[in-house]
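Novice: following is a predicted model, sequence given first.
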Amino acid sequence: MATALVPGSFNPIHHGHVRIIEIVAATFDRVVVAAVGNPNKAPDPFSLEQRRRLIEQSVSHLPNVETAVGSGLVVELASAVGADAIVKGLRGLVDFESEVQMAHMNQAMANIPTLFVPTAPEHGHLASSLIREIARLGGSVASMVPLPVAQALAEAFGTPADPGRGST
């Protein structure tokens with residue numbers, strides 16, 4: 001049974017992430033999606049456990065997907081969940097440059113391969129940091145994130161969730 005680890009900050013998870021996870025779930029027998037702490041990224045608005053719950057709600061339609069949290073090295077988490085590969089989504093060249101460096105480091109440290117899945121063109125503009133900023137300023141993100149995430153962002157920032165425009 002092949003297992004993939006899909007790590008990310010997922011702060012918050014958005015439709016681009018969900019599509020990548022769907023592709024990985026169709027390719028691997030078991031998928032562990034992990035919200036991991038990243039000291040270089042802002043922790044707000046959601047804790048790791050809140051992010052894990054939002055991921056779980058957003059991918060509940062995928063029976064072979066589990067969720068986890070991690071705060072240490074991704075290769076240690078990969079080992080702990082029995083992952084055969086780490087899978088990362090890419091929006092473009094900027095993502096590729098940083099991700100390939102991490103992939104090489106993970107391969108050197110733990111001999112675990114990293115596979116890259118390009119995002120769908122319609123999701124290439126999505127970035128969690130931009131979604132947080134739009135939500136913080138009262139804009140609608142309902143078309144960018146699963147409904148549970150839109151609702152959680154509205155609650156976190158005291159703005160309307162605009163559920164009429166959300167999906168998934």
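Specialist: Yes, it's here.

Novice: so where's the protein uncertain?
Specialist: 40-43, 160-168 (pLDDT under 70).

Novice: now the strands for it?
Specialist: Listed in chain order, the strands of the chain (DSSP state E) span 3-8, 30-36, 65-70, 85-90, 114-118.

Novice: dump those into CSV; add mean neighbour count and distance to residue 102 as well.
Specialist: C-beta coordinates here come from the backbone N, C-alpha and C atoms, glycine included. Output for the strands of the chain, formatted as CSV (neighbours: other C-beta atoms under 10 Å; distance: least, C-beta to C-beta, whole Å):
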stretch, mean neighbour count, distance to residue 102
strand 3-8, 24, 10
strand 30-36, 24, 12
strand 65-70, 18, 14
strand 85-90, 21, 8
strand 114-118, 16, 7
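
Novice: would you convert those strands into TSV that also reports distance to residue 57?
Specialist: Shown next, in TSV, are the strands of the chain (distance: least, C-beta to C-beta, whole Å):
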stretch	distance to residue 57
strand 3-8	16
strand 30-36	12
strand 65-70	10
strand 85-90	19
strand 114-118	22
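
Novice: for the ones you listed, which one sits closest to residue 156?
Specialist: Of all these, it is strand 30-36 that lies closest to residue 156, at 15.5 Å by C-beta to C-beta.

Novice: what angle do that closest one and strand 85-90 make?
Specialist: 60 degrees (axes from the mean of the first three to the mean of the last three C-alpha atoms, to 10 degrees).

Novice: what pairs with strand 30-36, parallel or antiparallel?
Specialist: Partner strands for strand 30-36, per DSSP bridges, with pairing direction: strand 3-8 (parallel), strand 65-70 (parallel).

Novice: between those strands, which gets nearest to residue 127?
Specialist: Checking the strands paired with strand 30-36 against residue 127 by C-beta to C-beta gives strand 3-8 as the closest, at 11.7 Å.

Novice: just the C-alpha atoms of the longest helix belonging to the chain, please, in PDB.
Specialist: Looking across the chain with DSSP state H, the single longest helix is helix 93-110. This file holds the C-alpha atoms of helix 93-110, laid out as PDB (Å, rounded to 0.1, in the frame of the first residue of the first chain):
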ATOM      1  CA  LEU A  93       8.500  28.700 -11.000                       C
ATOM      2  CA  VAL A  94       8.800  30.600  -7.700                       C
ATOM      3  CA  ASP A  95       7.300  27.600  -5.900                       C
ATOM      4  CA  PHE A  96       9.400  25.200  -7.900                       C
ATOM      5  CA  GLU A  97      12.700  26.900  -6.900                       C
ATOM      6  CA  SER A  98      12.100  26.700  -3.200                       C
ATOM      7  CA  GLU A  99      10.400  23.300  -3.300                       C
ATOM      8  CA  VAL A 100      13.100  21.600  -5.300                       C
ATOM      9  CA  GLN A 101      15.700  22.700  -2.800                       C
ATOM     10  CA  MET A 102      13.600  21.200   0.000                       C
ATOM     11  CA  ALA A 103      13.100  18.100  -2.000                       C
ATOM     12  CA  HIS A 104      16.900  17.600  -2.400                       C
ATOM     13  CA  MET A 105      17.400  18.200   1.300                       C
ATOM     14  CA  ASN A 106      14.700  15.700   2.200                       C
ATOM     15  CA  GLN A 107      16.200  13.100  -0.200                       C
ATOM     16  CA  ALA A 108      19.700  13.700   1.300                       C
ATOM     17  CA  MET A 109      18.400  13.500   4.900                       C
ATOM     18  CA  ALA A 110      15.900  10.600   4.700                       C
END
